[in-house]
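*Asks:* Structure of the sequence below:
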Amino acid sequence: MNSPPPKRILLVTGLSGAGKSTALRTLEDFGWEVVDNLPLSLLSHLLSTPPATGSGTAGRPLAIGIDTRTRDFDAAHVVQQIESLTSDGDYPIDLLFLDCAGSELLRRYSETRRRHPLAPDRPATDGIADERALMQPLRAHADYVIDTTDTDAPALQAQIRQRFTSAGAAPTLHVMSFGFARGLPRNADNVFDMRFLDNPHWDRTLRPMTGLDKEVVDYIARDPAYPQAMEQMETLLFTFVPRYEAAGKSYVTIAFGCTGGRHRSVHVAERMASRLRAAGFSPTVEHRDLASRPRDGVEDNGPAR
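*Replies:* Model prediction:
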């Protein structure tokens, strides 16, 4: 059974030290299947081979890294292969070339103490010049050229995201509640401490309930600090979540904690998740300690009663 071709195929090449590895890592972070330094004789075989069952790569865009270190590298032959594969329209192949001024490449090699792949026993300037000449057919044929002379790695990542990933792709948001008495969550990007709010645990009627119950929500909302605190936290959320998105962060975990993780943090996590959904995001919600047993000894450690 023939496998459908990738939605998009991008050959990533350029001068050594110009940022090919950074470009490939960025594409991989955004869901591209990435293959680096594939022998060119295997290119057609790769494109015609279906992905493994359950691998999740079917239909994903494919990025293939090639450079002068690639076995059987020949720039003119690469151009011929691209033209041959695209002539019948079966494979939507684009070519990205990463360029850089020789002086900047020399500085990068000097700082990292790496040897140029074409000049392991000669000055790096010789290797840079030789490689530029070898790569000229690919640069002339490129659909996209990015000059990284004045571009650091974060700026290059931003350019790759802008050109080759879905514009405005929202990060995967995870909102959680937890109890400080049972430890901080390991992977939280932002932690908000709700222990300044009045604690429903000390109301015997509310103690067995949770932040999912209306009676507990009403109790928490009566705290004089509640309205302003919620408003300010919502302002913060709507400030930094879009910034995470612009920076290309794939996963964001926002954690709300109280002493036991059953009342205040649960309600606030639910409220913030609701606000995020109303703003067009799709957060998942986890209440880590919701099922824990209420205990006075645990709650005594909280600053608010």
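*Asks:* Domain map for this protein?
*Replies:* 9-164, 172-299 (automatic domain parsing).
*Asks:* where along the stretch 1-150 of the chain do the helices fall?
*Replies:* 20-29, 43-48, 75-87, 102-112, 124-141 (DSSP state H, counting those that start in this stretch).
*Asks:* With mean pLDDT, mean neighbour count and distance to Asp198 added, can I get these in TSV?
*Replies:* Yep, even glycine has a C-beta here, placed from its N, CA and C like the rest. As requested, the helices of the stretch 1-150 of the chain are exported to TSV (pLDDT from 0 to 100; neighbours: other C-beta atoms under 10 Å; distance: least, C-beta to C-beta, whole Å):
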stretch	mean pLDDT	mean neighbour count	distance to Asp198
helix 20-29	91	20	43
helix 43-48	77	14	62
helix 75-87	84	15	67
helix 102-112	88	15	56
helix 124-141	92	17	66
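*Asks:* closest to Phe240 out of those?
*Replies:* helix 20-29 (19.5 Å; C-beta to C-beta).
*Asks:* same for that closest one, what does it pack against?
*Replies:* strand 9-14, strand 33-36, strand 62-65, strand 93-99, helix 153-164 (3 or more C-beta pairs under 8 Å, 6 or more residues apart in numbering; DSSP states H and E).
*Asks:* so what pLDDT did the residue nearest to Asp94 when sequence neighbours are not counted get?
*Replies:* What sits nearest to Asp94 in space, not counting adjacent residues and going by C-beta to C-beta, 6 or more residues apart in numbering, is Asp143, at 4.4 Å. Per-residue confidence (pLDDT) for Asp143: 90.
*Asks:* for Asp143, what are its contacts?
*Replies:* Contacts for Asp143 (C-beta atoms under 8 Å, 6 or more residues apart in numbering) come out as 94-96.
*Asks:* Let's see if you can find the most crowded of those.
*Replies:* Leu96 (23 neighbours; other C-beta atoms under 10 Å).
*Asks:* quick revisit: quickly, which of the domains of the chain bottoms out on average pLDDT?
*Replies:* Looking at the domains of the chain, the bottom one is domain 9-164 with a mean of 85.
*Asks:* can you give me the strands for the stretch 151-300 of the chain?
*Replies:* 172-179, 190-193, 251-258, 284-287 (DSSP state E, counting those that start in this stretch).
*Asks:* and Trp202, which of those strands is closest to it?
*Replies:* Between the strands of the stretch 151-300 of the chain, strand 251-258 lies closest to Trp202; by C-beta to C-beta that is 12.5 Å.
*Asks:* Direction included, what does that closest one pair against?
*Replies:* Within its sheet, strand 251-258 is paired with strand 172-179 (parallel), strand 190-193 (parallel), according to DSSP bridges.
*Asks:* what's next to the first one, contact-wise?
*Replies:* Residues lying outside strand 172-179 but in contact with it, judged by C-beta under 8 Å, 6+ apart, are 184-185, 188, 211, 241, 250-262, 265-266, 268-269, 272-273, 276, 281-290, 292, 298.
*Asks:* These, buried ones only, as a ChimeraX selection?
*Replies:* Typed into ChimeraX, the line below selects the buried ones among those, using 16 or more other C-beta atoms under 10 Å:
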select :185,188,211,241,252,253,254,255,256,257,258,259,260,261,262,265,266,268,269,272,273,276,281,283,285,287,288,289,290,298
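*Asks:* Hmm, Val217 and Gly211 touching each other?
*Replies:* Yes - counting by C-beta atoms under 8 Å, Gly211 touches Val217, with 6.9 Å between them.
*Asks:* Let me see the contact set for the residue nearest the centre of the chain.
*Replies:* Geometric centre of the chain, nearest residue: Ser250, 3.2 Å, by C-alpha atoms, centre = their mean. Listed by C-beta under 8 Å, 6+ apart, the contact partners of Ser250 are 29-30, 171-172.
*Asks:* Looking at those residues, which is nearest Ser110?
*Replies:* Asp29 (28.9 Å).
*Asks:* Distance-wise, check the closest one relative to Ser21.
*Replies:* 13 Å (C-beta to C-beta, to the nearest Å).
*Asks:* do the same with Glu234
*Replies:* 40 Å.
*Asks:* got it, and Trp32?
*Replies:* Trp32 is 14 Å from Ser21, by C-beta to C-beta.
*Asks:* give me the number of residues near Ala71?
*Replies:* For the record, residue 71 is Arg, not Ala. The burial count for Arg71: 10, using other C-beta under 10 Å.
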